[in-house]
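> Give me the fold of what follows.
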Amino acid sequence: MEGSPIDIVVFAPLAPLLGVLLFWFIQLLFIESQKYFLNKISHKHPAFCRFTNFLGILFQTICHALGYTVTKSGISEFYISVNYGRVAPKKEKKGIFEWVSNAFLFVGPFFIPAFLTVVILYFFIPDGFSIVTPDQLINLKYTFGGQLTIFGISLFNFANSFFYFLTNLDLLHPAQLGFLFLLIFLGLGIRPSHIGEEKPHKVDMIYELRNIWNLISHKPLYLIILGALVYLIFYISLYLNTSIYVAIFVILGWVSIISIISLFVSHLIIFFIRIVDEIPRFWKYVPIIVLLSSYIIARALFFYFSMHDYVYSTSLFIMLFSTFIVTFLLYRTKSDKFKTIREMKLLKKKTQGDADER
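Modelled structure (predicted):
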């Protein structure tokens, strides 16, 4: 086991932890971006935006209830609406129990719903859930670089299997179609846009970070204890020559990848809705019809002209490509907004031409 003692004892445990924090921060950025674009379509689709907010409130409230369950506080009241969620414990517990319950409320929604999605995904791609063992890295296994390498390779293997699964989804298979809807719901509802019945309070990135900072600063001793526990698990893993320590963070990394991909998919849906809104009259329904019919037609054609391993991926490609082309053409020819931009460009060219003649 090469590497300086300081590297192994002090810095190596931080490698996978920093990796998870990086992925979590990427989640925050995607969530903030999603809320921005939801706000852009809220005036035309208030019901859709209220639904996404309800999903966020639901996930948040369930996580809070789970926190009370874990701390054995019990649940005496569970209330949820489109704008607000509330959970009341049977027993008011202070100290570490209250801190853990708040941690489930503020941090849990980023990981717990996605973790359940990871559990379901295991039944589709069991081979993707592999963790590199320390022995595969020979002399670097317990250094900062070694731990980071184990973390990175394990996430890459998972992401590779997950992307292959997504690009080969069989939308006529009820289980795979259900997983796609679950992924979409997760992306749309990781966090609510606002909370509160009478005076809605905006939930943004600053709000999230402030809550987490208050959780940490309120009881810094608990954070120190948690950090000590993290190092203890690493030393036990080092002593037993296992991947127990890094495996914990790899699982959190899998959860973060699921969340980021689901947020990306939700972005595509919001972009699609926003562009279709610019297409007037009955033309706006054409992209939706093409989206559904192109996939069915492609699958029907491949039923007679089998492509074996490429049936599902090619069908998805045809569906997405044809929908993109049709939507773009309709947006360009029928959209008033695009016509206005084109007229402004022509007017600008004409003005410049008149100026050159003078």
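
> Do you have the helices of the stretch 151-300 of the chain handy? List them.
For the stretch 151-300 of the chain, the helices defined by DSSP state H, counting those that start in this stretch cover 174-189, 205-218, 220-240, 244-277, 286-304.

> Okay, buried residues for the longest one please.
Same thing as helix 244-277. 245-263, 265-267, 270, 272-273, 275-277 (16 or more other C-beta atoms under 10 Å). Quick note: C-beta positions are derived from backbone N, CA and C, even for glycine.

> Okay, angle between that helix and helix 174-189 too, please.
Angle of helix 244-277 versus helix 174-189, following axes from the mean of the first three to the mean of the last three C-alpha atoms, to 10 degrees, is 80 degrees.

> For helix 244-277, which helices and strands make contact with it?
helix 14-41, helix 108-121, helix 144-167, helix 174-189, helix 220-240, helix 286-304, helix 311-334 (3 or more C-beta pairs under 8 Å, 6 or more residues apart in numbering; DSSP states H and E).

> For that helix, the averaged confidence score.
Mean per-residue pLDDT for helix 244-277: 93.

> sorry, back to before: could you dump the helices of the stretch 151-300 of the chain into JSON lines and include distance to residue 98?
Formatted as JSON lines, these follow (distance: least, C-beta to C-beta, whole Å):
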{"stretch": "helix 174-189", "distance to residue 98": "26"}
{"stretch": "helix 205-218", "distance to residue 98": "9"}
{"stretch": "helix 220-240", "distance to residue 98": "10"}
{"stretch": "helix 244-277", "distance to residue 98": "23"}
{"stretch": "helix 286-304", "distance to residue 98": "48"}
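
> Which among the ones you listed is found nearest to residue 87?
Taking C-beta to C-beta, helix 205-218 is the member of the helices of the stretch 151-300 of the chain nearest to residue 87, at 15.9 Å.

> and the closest one, C-alpha only, in CSV?
This file holds the C-alpha atoms of helix 205-218, laid out as CSV (Å, rounded to 0.1, in the frame of the first residue of the first chain):
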residue,chain,number,x,y,z
MET,A,205,-31.0,27.3,-4.3
ILE,A,206,-30.3,29.9,-1.6
TYR,A,207,-33.2,28.6,0.5
GLU,A,208,-31.9,25.1,0.3
LEU,A,209,-28.3,26.0,1.2
ARG,A,210,-29.6,28.2,4.1
ASN,A,211,-31.6,25.4,5.6
ILE,A,212,-28.6,23.0,5.4
TRP,A,213,-26.3,25.6,6.9
ASN,A,214,-28.7,26.2,9.7
LEU,A,215,-28.9,22.5,10.3
ILE,A,216,-25.1,22.3,10.5
SER,A,217,-24.5,25.5,12.5
HIS,A,218,-27.3,24.7,15.0
